[in-house]
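A.B. asks: what's the 3D shape of this:
(one chain, ligands or ions: 1)
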Amino acid sequence: MCEALKNKYQLFEEIGRGQFGTIFRCFHPISNEFYACKIIDKRLLADSTDRECLENESKYMTLLSPHPNIVRIFDVFENEDFLSMVIELCEPNTLFDRIVNRPLPEREAASIAKQLLEAIVHSHRLGVAHRDIKPDNVLFDSRNNLKLADFGSAEWFGDGRNMSGVVGTPYYVAPEVLMGRDYNEKVDVWSCGVILYIMLAGIPPFYGDSASEIFESVLRANLRFPSRLFRSISPTAKDLLRKMISRDPSRRLSAEQALRHPWFLSGGVATDQT
Ligand SMILES: Nc1ncnc2c1ncn2[C@@H]1O[C@H](COP(=O)(O)OP(=O)(O)OP(=O)(O)O)[C@@H](O)[C@H]1O
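C.D. replies: The predicted structure is shown next:
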């Protein structure tokens, strides 16, 4: 670990562990604030893809900070073996822990989806696509504000550049990514739509017993609203889901358009159940 990090922050207990990094709670005596410190052992990075992922994470977090719904980065320390990032401290449970097997009331789902879209709109305005939006990458601070994390797979699409390359996670990845074609930032809207579906229904819209079965289901993109799960869900919510989980990216809403949908304007309150 870097001496400069130890000189500036006091490290406390481990609060999380990822593929390459360990997260500790840490304290900055000068500001009297607690933070999270992610320490990555660079010797565990197997190839250039891993290294790129690491570079992306601090680069894009720095570019996008500060935003109320994006995990903020405060400090970076690096030596030959370790890269350490001092970031905003969040609660241990992710969105995944909140929604697993438990549908949320529309109002709560709308509050979460709205904050996630605010983070995506900010990121897209600055020309950055996250490309791996999933519940595990959605954290919350102690005041329950949503914080989008993990920009390791992010890519810059400014100046009309298209993106390529298969990145993402089976349930959440957009079909155009799996088709191996160029794609644009609307892949994030698709993933956010899938998260919203799971929050309301309690199950993913596209699933299978293996990664390849899930991919086949995503590629078919046959969006259904089984009545046993959607009986009490408002038509406005379903309308938004259809427009976010649209197979054709040119017909899919942008993140900004999604935020202006009537479902958000009513705060997820069913206005049309007459
Ligand atoms: N800022 C934070 N504040 C509090 N806990 C955090 C913070 N960031 C991450 N964690 C915790 O640490 C865990 C691991 O996070 P990390 O970002 O290293 O890995 P990951 O994204 O889950 O995995 P990987 O990037 O290796 O695929 C998270 O699931 C979360 O519980």
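
A.B. asks: all contacts plus neighbour counts: C-alpha atoms, from now on.
C.D. replies: Will do.

A.B. asks: helices or strands next to the longest helix seen in the chain in the packing?
C.D. replies: If you go by DSSP state H, the chain has its longest helix at helix 106-125. Judged by 3 or more CA pairs under 8 Å, 6 or more residues apart in numbering; DSSP states H and E, helix 106-125 is in contact with strand 146-148, helix 187-201, helix 255-259, helix 262-265.

A.B. asks: How about residues contacting it?
C.D. replies: 64, 67-70, 129-130, 145-148, 185, 188-189, 192, 196, 199-200, 233, 255-256, 258-259, 263-264, 267-270 (CA atoms under 8 Å, 6 or more residues apart in numbering).

A.B. asks: now it: mean pLDDT?
C.D. replies: Mean pLDDT, helix 106-125: 98.

A.B. asks: List the strands paired with the helix or strand that comes right after that helix, with their directions.
C.D. replies: Per DSSP states H and E, the first helix or strand lying C-terminal to helix 106-125 is strand 128-129. Looking at strand 128-129 with DSSP bridges, its partner strands are strand 155-156 (antiparallel).

A.B. asks: that's a helix at C26, yeah?
C.D. replies: No: assigned with DSSP: H, G, I helix; E, B strand; the rest coil, C26 falls outside any helix and is strand.

A.B. asks: That one and Y35 touch, don't they?
C.D. replies: Yes: counting by CA atoms under 8 Å, C26 touches Y35, with 5.2 Å between them.

A.B. asks: picking that back up, just the buried subset of the contacts of helix 106-125, please.
C.D. replies: 64, 69-70, 129-130, 145-148, 185, 188-189, 192, 196, 199-200, 233, 255-256, 258-259, 263-264, 267-270 (16 or more other CA atoms under 10 Å).

A.B. asks: For the chain, what lies in contact range of the ligand?
C.D. replies: Residues of the chain found near the ligand (CA under 6 Å from any ligand atom) are 15-23, 36, 87-93, 150.

A.B. asks: Could I have the PyMOL command that selects the buried members from these?
C.D. replies: Selecting only the buried entries of those in PyMOL, with 16+ other CA under 10 Å as the criterion:
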select buried, resi 15+20+21+22+23+36+87+88+89+90+150
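
A.B. asks: just checking, which of the residues of the chain next to the ligand belong to strands?
C.D. replies: 15-17, 21-23, 36, 87 (DSSP state E).

A.B. asks: list the contacts for whichever residue of the stretch 101-250 of the chain sits closest to the ligand?
C.D. replies: Taking CA to the nearest ligand atom as the measure, the stretch 101-250 of the chain has D150 as its residue closest to the ligand, at 5.7 Å. Residues in contact with D150 (CA under 8 Å, 6+ apart) are 57, 137.

A.B. asks: one step back: turn the helices and strands packed on helix 106-125 into CSV, including distance to R242 and mean pLDDT.
C.D. replies: Converted to CSV, the helices and strands packed on helix 106-125 look like this (distance: least, CA to CA, whole Å; pLDDT from 0 to 100):
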stretch, distance to R242, mean pLDDT
strand 146-148, 23, 98
helix 187-201, 8, 98
helix 255-259, 11, 98
helix 262-265, 13, 95
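
A.B. asks: Mind checking what secondary structure L83 has?
C.D. replies: Once three-state DSSP is applied, L83 turns out strand.
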